[in-house]
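Colleague: Pasting a predicted model and its sequence here:
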Protein chains: 2
Amino acid sequence: MVTTSAEVIRKLGYPATRGRGEILRILAESPLPLSPKEILGLFPAPKPDASTVYRNLSLLASLGLVRSVALHERSRRYEIATDGAHRHRVVCKGCGKIESFQPRRCDLSPLESDIRSTLDFDVEEHSLEFFGVCPQCRRREKGR
Amino acid sequence: MVTTSAEVIRKLGYPATRGRGEILRILAESPLPLSPKEILGLFPAPKPDASTVYRNLSLLASLGLVRSVALHERSRRYEIATDGAHRHRVVCKGCGKIESFQPRRCDLSPLESDIRSTLDFDVEEHSLEFFGVCPQCRRREKGR
DNA sequence: TTGCGTTTGCAATATAATTGCAATGACCGG
DNA sequence: CCGGTCATTGCAATTATATTGCAAACGCAA
């Protein structure tokens, strides 16, 4: 039995509007985290107002259906959170290119217990991003 | 022999202005990463214009003397990068409290070689932040 | 289909960051 | 120590990003 995103949203107690469904679809189809503006750009006509996109991204994030990704940029980015797969990013310092990858292992539990015992924080999630130079920019740098 | 921050800046080819020295001092004395606005607030009079703070933070970041920290907030934060210590953050989802810590071990090199071999990116740095619930907010949640 | 509570579009507003330009400041050579 | 040069600063305007109030439109349970 398939569970549509609309059903998920309704089960969580909110009306499944067109905007919400589209945002989840757009993010699910994107290999990269998207900014609100990019999401709006990918909306089929009629495009909603930008404020609707912002409001829905906040709601979906608070419901745990999307996740915000911080990449040291001016604007936030969002990714789908419903496919369970935990992903990390590599960002090129030269050209800004973003690549996602799913780590073979991502065992930060020793660190998380450190945090638990030292700071008494319950850690619920983490965000791990890498910054470096992509092949193209490396070649360009070498060439100089 | 002591090396003042002014000397460091000059050696890198830029005039050592008052603003630059103060920013480095303020960040060096802060246990937490600060936003540009917070940094401005900590400036002794006469306070510079906000644009000066932004410009100098960009410059100091490009020189590698400060580092920006992304905590899923609207504004960037900055920390001193000259004390060598690599730090991570734990942010409370309830109240926003930020704690810094220096991990006992932070060995992400297996992940970084993964990235190197799979994506051919040269990884130069990473950013690892944790999000959870602090003791106070946990108590408050339980109490409800 | 109807009614009710939520969401949307729109416009205004808030917040963060960037830029152009004239005046000021840093610092090198003498 | 002083003057000249070039970078930096303050100021004001501008852009980018995000948030909010409110009336009209929509989603959905019965």
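Modeller: That came through fine. Numbering: from 1, shown residues only, chains lettered A, B, ... in the order given.

Colleague: so A:Ile98 makes contact with A:His88?
Modeller: No: using C-beta atoms under 8 Å, A:Ile98 makes no contact with A:His88, being 10.8 Å away. For glycine as for every other residue, the C-beta is placed from the backbone atoms N, C-alpha and C.

Colleague: State the distance from A:Ser117 to chain B.
Modeller: Separation of A:Ser117 from chain B (C-beta to the nearest C-beta, to the nearest Å) stands at 11 Å.

Colleague: for A:Glu141, that is, sorry about that
Modeller: Using C-beta to the nearest C-beta, A:Glu141 is found at 10 Å from chain B.

Colleague: Neighbours of A:Glu125, how many?
Modeller: Using other C-beta atoms under 10 Å in any protein chain shown, A:Glu125 has 13 neighbouring residues.

Colleague: near DNA strand D, which residues of chain A?
Modeller: Counting by C-beta under 7 Å from any atom of the strand, chain A comes close to DNA strand D at A:6, A:9-10, A:15-18, A:35-37, A:50-51, A:54-55, A:58, A:74-76.

Colleague: buried ones in the least confident helix or strand in chain A by mean pLDDT?
Modeller: One helix or strand of chain A scores below all others by mean pLDDT, DSSP states H and E: helix A:135-143, with a mean of 82. With burial defined by 16 or more other C-beta atoms under 10 Å in any protein chain shown, the residues of helix A:135-143 counted as buried are A:Cys137, A:Arg138.

Colleague: hmm, back to that, quick one: which of A:Ile98 and A:His88 has more around it?
Modeller: Legend: neighbour count by other C-beta under 10 Å for A:Ile98 and A:His88, higher for A:His88 (21 against 18).

Colleague: Bridge partners for the more buried one, pull those for me.
Modeller: Note on A:His88: beta-bridge partners A:Phe101, judged by DSSP bridges.

Colleague: Kindly report the same for A:Cys92.
Modeller: A:Gly132.

Colleague: which outside residues touch stretch A:113-124?
Modeller: Residues from elsewhere that reach stretch A:113-124, judged by C-beta atoms under 8 Å, 6 or more residues apart in numbering or on different chains: A:112, B:90, B:92-93, B:99, B:101, B:103-104, B:130-135, B:138.

Colleague: what's the closest of those residues to DNA strand D?
Modeller: B:Lys93 (14.9 Å; C-beta to the nearest atom of the strand).

Colleague: tally of neighbours for the closest one?
Modeller: If we define neighbours as other C-beta under 10 Å, then B:Lys93 has 15 of them.

Colleague: out of everything not next to it in sequence, what's closest to it?
Modeller: B:Phe131 (5.6 Å; C-beta to C-beta, 6 or more residues apart in numbering or on different chains).

Colleague: What parts of chain A come near chain B?
Modeller: By the rule C-beta under 8 Å from any C-beta of the partner chain, the part of chain A lying against chain B is A:68, A:70-72, A:76, A:88, A:90, A:92-93, A:99, A:101, A:103-106, A:108, A:110-112, A:114-115, A:118-135, A:138.

Colleague: make it 6 Å
Modeller: Within reach of chain B by C-beta under 6 Å from any C-beta of the partner chain, chain A has these residues: A:68, A:70, A:72, A:90, A:99, A:103, A:111, A:115, A:119-135.

Colleague: What's the PyMOL syntax to select whichever of those residues are buried?
Modeller: Only the buried members of the residues of chain A next to chain B end up in this PyMOL selection, burial being decided by 16+ other C-beta under 10 Å:
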select buried, chain A and resi 70+90+99+103+111+115+119+121+122+123+126+127+128+129+130+131+132+133+134
